[in-house]
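A.B. asks: the sequence and its predicted three-dimensional model are supplied below.
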Amino acid sequence: MDRSGTQLTLTVDWPEITLDKLTRLTSLWSNVIHAVSAQAAGKRDALKWVLTGLSFASPVQVQTVPVVARTRVDPVVLSTVSHAVVAGVRQLGDHSERPDHFSTHALELMRKLALLSDGGSVVVSNGVGEPVPITHRVAATVDDILGPEVESYGSVEGHLEGIFTHGRRVLYVYDSLSGRQVRCFFDAEATPLDALLKYFQHRVIVSGLVRSKAFTGEPKSIDVSEIRDFQPDRDLLSPAEILRTWESDA
């Protein structure tokens, strides 16, 4: 079967590669192509990626092809998404512009992948044209697109889905606006664990020092000073209040 144009090949050539590093790299790559797939198809889980080849000889190669996972998905999307991935990586290496179908999440994953690729050669291809390297230039371009982080006091609203106490203590809240995970760091003395457990799987408001992307305003993390249950009558603005807010900002 001719898979030119649809099959993606990730080639990794390092003088030495550990199992841990290879696992992290392939996990990031898998998340990138799934994120781009969701944008290109317009639906989450519209496509699945099937492993078609795996070689552990030097260089390591991982080959995958997209397969329609849902009905009512145009098969043309299969070649579109593979092209979008390779073209997007090439654009991130050449320009400071956001590629088509690359969400903020996909860009952040590409940045991590590019930084992890240091010390060796990591390239991607779809069988059409020259293979495209994933270099530190990709990470620099993502930084240019997303901008630096800024700090300000504010709040994050979403569902508390995780509490992690090993090492630095952190809550995981899924932001209601973006659907993305926000890390909420808390102090064990100021915010005891037993006081947090009652909020688990609740819709909450977390207040404190918020770190956000300067260009997008998307919250990334927050140092918790207060957490409480979301109260619709208190936390949702009425249309009149929203209009007054707009007028005061004008």
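C.D. replies: Okay, I see it.
A.B. asks: what's the closest non-adjacent residue to the one residue sitting closest to the centre of the chain?
C.D. replies: By Cα atoms, centre = their mean, the chain has its centre lying nearest to His105, at 2.6 Å. Of all residues not flanking His105 in the chain, Ala35 sits nearest, at 5.4 Å (Cβ to Cβ, 6 or more residues apart in numbering). For glycine as for every other residue, the C-beta is placed from the backbone atoms N, C-alpha and C.
A.B. asks: and the helix or strand the residue nearest to the centre of the chain falls within, what does it pack onto?
C.D. replies: Under DSSP states H and E, the secondary-structure element containing His105 is helix 104-116. Applying 3 or more Cβ pairs under 8 Å, 6 or more residues apart in numbering; DSSP states H and E, we find helix 104-116 packed against helix 19-41, helix 76-94, helix 136-146.
A.B. asks: so for that helix, mean pLDDT?
C.D. replies: Taken as a whole, helix 104-116 has an average pLDDT of 92.
A.B. asks: okay, the angle between that helix and helix 19-41?
C.D. replies: 150 degrees (axes from the mean of the first three to the mean of the last three Cα atoms, to 10 degrees).
A.B. asks: can you count the residues close to Glu189?
C.D. replies: 6 (other Cβ atoms under 10 Å).
A.B. asks: show me what contacts Pro232?
C.D. replies: By Cβ atoms under 8 Å, 6 or more residues apart in numbering, the contact set of Pro232 is empty.
A.B. asks: let's see that with 10 Å instead.
C.D. replies: Contacts of Pro232 were listed using Cβ atoms under 10 Å, 6 or more residues apart in numbering, and they are Arg203.
A.B. asks: quick revisit: show me the contacts for the residue nearest to His105.
C.D. replies: Arg44, Val85, His101, Phe102, Ser103, Thr104, His105, Ala106, Leu107, Glu108, Leu109, Met110.
A.B. asks: just the buried subset of those, please.
C.D. replies: Buried members of the contacts of Ala35, counted by 16 or more other Cβ atoms under 10 Å: Val85, His101, Phe102, Thr104, His105, Ala106, Leu107, Glu108, Leu109, Met110.
A.B. asks: quick check: chain neighbours aside, which residue is closest to the second one?
C.D. replies: Leaving out its chain neighbours, the residue that sits closest to His101 by Cβ to Cβ, 6+ apart is Gln39, at 4.1 Å.
A.B. asks: mind checking the SS state of Asp74?
C.D. replies: coil (DSSP: H, G, I helix; E, B strand; the rest coil).
A.B. asks: hang on, Arg180 packs against Glu218?
C.D. replies: Yes. Using Cβ atoms under 10 Å, Arg180 is in contact with Glu218, at 6.9 Å.
A.B. asks: Leu196 - nearest residue in space that isn't next to it in sequence?
C.D. replies: Of all residues not flanking Leu196 in the chain, Ile163 sits nearest, at 6.2 Å (Cβ to Cβ, 6+ apart).
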